[in-house]
Every structure is written in structure tokens, then in C-alpha cells.
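> Okay, here's the prediction I keep looking at, along with the sequence it came from:
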Amino acid sequence: MLILLYRFITLLTLSLLLAILSLGGSMISKSTKTALILAAGFFMLTGCQKATESISNVVDYTTGKVQLEQKKQADKTLAQVKCQELCQNKLSTNGIEAEDSPCLSNEIIPDWVCDIAHSPRQSVDDNLANQCSAFREGLAHHFVEVDGNCNLIKIY
């Protein structure tokens, strides 16, 4: 819409310029006419370029936002899969012991921890001492929570 408005104003200006030149053609030198036409053309072309750059910036910004959101979703999925795999491995080898609980991993992937809790949730699960230390200390900002059978409870 902005591009069309700019083009309309530029064409209107160019038309008025040509009308002035044709009416007073003998009074204005040929070099002045050429300079005025070149100036109008310059303004028309630079205006289109700026609008195109603006659209390009919007596309780049939107593409970056989409890519960031895709990475967040991929990290979330990867953390869930790895947490459940780790839980299954612990269950199949020698079970999940009390000392493993409540934290299975302080870094299942960067910025993510893997925690085990009761399902349904019990008050002991809300105790900060029973959560992964990396999450408590702010070293990780997300966590995957599974139950004792490695079923997903919640992803934060």
C-alpha cells in the first residue's frame, strides 16, 4: 500500500513537471529540463528501493522469529525424548533408586534438566530440595518431568 501511494505521488509530480515544461518550454533551457526529469526519476527510483528494503527487513525478521520458534520446539522434543530414554535405561538396568530421585539429569540437553516426580503429584515433589540442582541454581531454565514409569508428566 505504501509503495503504491509513493508511486502515485511520484507519477503525479512527474506529470506536473512535464506539464510545466511543455507550457513554458521555450523559457526553460534544454539542460534544465533534463536535470528536472533526472531529479524526478531519481526520487522515484530511490523511493521504490527503500520500500523494497523495508519489505526485505520485515521478511528477514519474520523468518528469524519462525526459525527461533522451530528451534525451541525441536529442543523441547529432544529433551523429552532423551529424558524418557534415560529413565527407561535406568529402569531396565538396575531400577530407579532413591538416590537417583528426584533428578535424573542436570543437563539432558543444554538448558534442560530431567526430573522424576509422582503422578499424581505429591507435596514432596514441590519441595525445591527435591528438584534438579541446575534448575534451582538457574543454570537450566527448562525441565522435563516424568513419573516412575517414565511417562511424561509435564514440560516446563
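Perfect, I can see it now.

> alpha carbons only for contacts and neighbour counts from here, please
OK.

> quick check: domain ranges of this structure?
The record's domain parsing of the chain by automatic domain parsing lists 2-69, 71-155.

> Which of those domains has the lowest mean pLDDT?
The stretch with the lowest mean pLDDT among the domains of the chain is domain 2-69, at a mean of 69.

> in its sheet, what does the lengthiest strand in the chain sit against?
Using DSSP state E, we find that the single longest strand of the chain is strand 103-109. The sheet places strand 103-109 alongside strand 112-116 (antiparallel), with pairing taken from DSSP bridges.

> Need the residues that contact the strand it pairs with.
With C-alpha atoms under 8 Å, 6 or more residues apart in numbering as the contact definition, strand 112-116 has outside contacts at 79, 83, 101-108, 131-132, 134-135, 140-148.

> switch to 7 Å and redo it
Contact with strand 112-116 is made by 79, 83, 101-108, 131-132, 135, 140-148, as judged by C-alpha atoms under 7 Å, 6 or more residues apart in numbering.

> Filter the residues you listed down to the buried ones and hand me the PyMOL line.
Command for PyMOL that selects the buried part of the contacts of strand 112-116, burial taken from 16 or more other C-alpha atoms under 10 Å:
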select buried, resi 79+83+101+102+103+104+105+106+107+108+131+132+135+140+142+143+144+145+146+147+148
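
> Now the phi/psi pair for Ile155, please.
In terms of degrees, to the nearest 10, the main-chain angles of Ile155 are phi -120, psi 130.

> Over to Phe143?
phi -150, psi 150.

> same thing with the one 3 residues further on?
For Val146, the backbone dihedrals (degrees, to the nearest 10) come out as phi -120, psi 160.

> Can you tell me how far it is from Gln131?
12 Å (C-alpha to C-alpha, to the nearest Å).

> same check, this time on Leu68
Distance from Leu68 to Gln131, by C-alpha to C-alpha: 28 Å.

> what does Ser54 give?
47 Å.

> just the CA coordinates of the longest strand of the chain, formatted as CSV?
Provided in CSV are the C-alpha atoms of strand 103-109 (Å, rounded to 0.1, in the frame of the first residue of the first chain):
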residue,chain,number,x,y,z
CYS,A,103,16.8,-35.7,39.4
LEU,A,104,17.8,-38.0,36.6
SER,A,105,20.0,-35.4,34.8
ASN,A,106,21.1,-31.9,35.4
GLU,A,107,21.7,-31.4,31.7
ILE,A,108,19.7,-33.7,29.4
ILE,A,109,20.4,-31.1,26.7
